[in-house]
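A.B. asks: got a sequence here, can you build the structure:
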Amino acid sequence: MSEPPSGRPPRRAAAAPTDKRGLFERLVEFLSPGPDSTRELLATLADAEQRELIAPESRMMLEGVLRMAELSAGDVMVAAPRMDLLDIDAPYDELLHSVIESGHSRFPVYEGQHENLIGILMAKDLLKLQRSPDLSLRTLLRPAVFVPESKNLNELLRDFRANRNHLAMVVDEFGRTAGLITIEDVLEEIVGEIEDEFDEDATAAENGIVTLADGSHRVAGDTDIALVNRVFGTALPVDSFDTIGGLIAHELGRVPQRGESTQAGGLKFQVMLTRGGAVRWFKVARQAAASPDVRA
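C.D. replies: Next up is the predicted model:
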């Protein structure tokens, strides 16, 4: 006995998706297929800039986005020996001095040993201790976020945005602190270096040397030693190092800290700003000549 026919209309087969592109567009794609690799895509961007289809700044940002996808937290982080840390047991005046000298807005805080990180302190939160001296510094700490060295920068940036966090501690495969990374470090891979108050007239000094009001000079850490010799009439060695920052760090045996000064070639070099474990700016002045002995 056959079943009665259903009242519903028969189901039609799903229609194949239609290609809305015109014949000309499909022909162009057939003759000139799109890039199949990152290298080809970068070449395409360069060609687009040459044909003035995109601005140079746009090309640089797009290239930064592409290259960032190949980088990890370990590639961009500030290494552990170069981190500015705060001791939870340090006096308030010492903490305040460290915050002012470094100029950062966030600091990893340790207890006992540097490896024992117990949280992150916001510089602005430190001011709360002035109004309430009895307030415990521990109550002001925020949880530290830890990420592996292999963390992809794309994923890290997404996490920063989702969690409204601006700093993460980077750990190696053994769980030891390898360094730290900030959202600024990640963004700089896209937009280039984010300038600060020390960079206001950097574009005005193409050679990286700026004359200050007191007659001294501000010299970028990556300035060629040969240029420093030419400007100041010195004879600093140029055989082993190319930049003045590399030479001064070698003379000290370490990367100098902000505010620290040393002398070389008859010049006094005072560190104005460090970033990422390297000196960004020196304040350079000539050493005062020793007064000759006056004898009767």
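
A.B. asks: just the helices from the stretch 151-296 of the chain, written as ranges.
C.D. replies: 153-163, 183-191, 225-232, 244-252 (DSSP state H, counting those that start in this stretch).

A.B. asks: now the stretch 1-150 of the chain
C.D. replies: Secondary structure of the stretch 1-150 of the chain by DSSP H, counting those that start in this stretch: the helices cover 23-31, 38-50, 56-68, 73-76, 92-102, 123-126, 128-131.

A.B. asks: go through those and name the closest to Glu115.
C.D. replies: Checking the helices of the stretch 1-150 of the chain against Glu115 by CB to CB gives helix 73-76 as the closest, at 17.6 Å. (Each C-beta comes from the backbone N, C-alpha and C, glycine too.)

A.B. asks: related to what we said a few turns ago, CSV for the helices of the stretch 1-150 of the chain, including mean pLDDT, mean neighbour count and distance to Val279?
C.D. replies: Output for the helices of the stretch 1-150 of the chain, formatted as CSV (pLDDT from 0 to 100; neighbours: other CB atoms under 10 Å; distance: least, CB to CB, whole Å):
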stretch, mean pLDDT, mean neighbour count, distance to Val279
helix 23-31, 49, 10, 51
helix 38-50, 77, 13, 32
helix 56-68, 76, 15, 25
helix 73-76, 86, 19, 19
helix 92-102, 83, 15, 14
helix 123-126, 86, 16, 22
helix 128-131, 79, 12, 31
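
A.B. asks: what sits against Val279?
C.D. replies: Going by CB atoms under 8 Å, 6 or more residues apart in numbering, Val279 touches 221, 245, 248-249, 255-256, 271, 273.

A.B. asks: actually, Phe232.
C.D. replies: 217, 265, 267, 284, 286.

A.B. asks: would you turn those residues into TSV with distance to Thr139 and neighbour count?
C.D. replies: As requested, these are exported to TSV (distance: CB to CB, whole Å; neighbours: other CB atoms under 10 Å):
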residue	distance to Thr139	neighbour count
His217	45	19
Gly265	50	18
Leu267	47	20
Val284	44	22
Arg286	50	15
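
A.B. asks: which one of those residues sits closest to Arg51?
C.D. replies: His217 (42.6 Å).

A.B. asks: not counting residues beside it along the chain, what's closest to the closest one?
C.D. replies: Of all residues not flanking His217 in the chain, Val284 sits nearest, at 4.7 Å (CB to CB, 6 or more residues apart in numbering).

A.B. asks: the one you found bridge partners, please.
C.D. replies: His217, Phe269 (DSSP bridges).

A.B. asks: mind checking how far the nearest residue to Ala73 once chain neighbours are set aside is from Gly215?
C.D. replies: Distances taken as CB to CB, 6+ apart put Lys151 closest to Ala73, at 4.3 Å, once the chain neighbours are dropped. According to CB to CB, to the nearest Å, Lys151 and Gly215 sit 48 Å apart.
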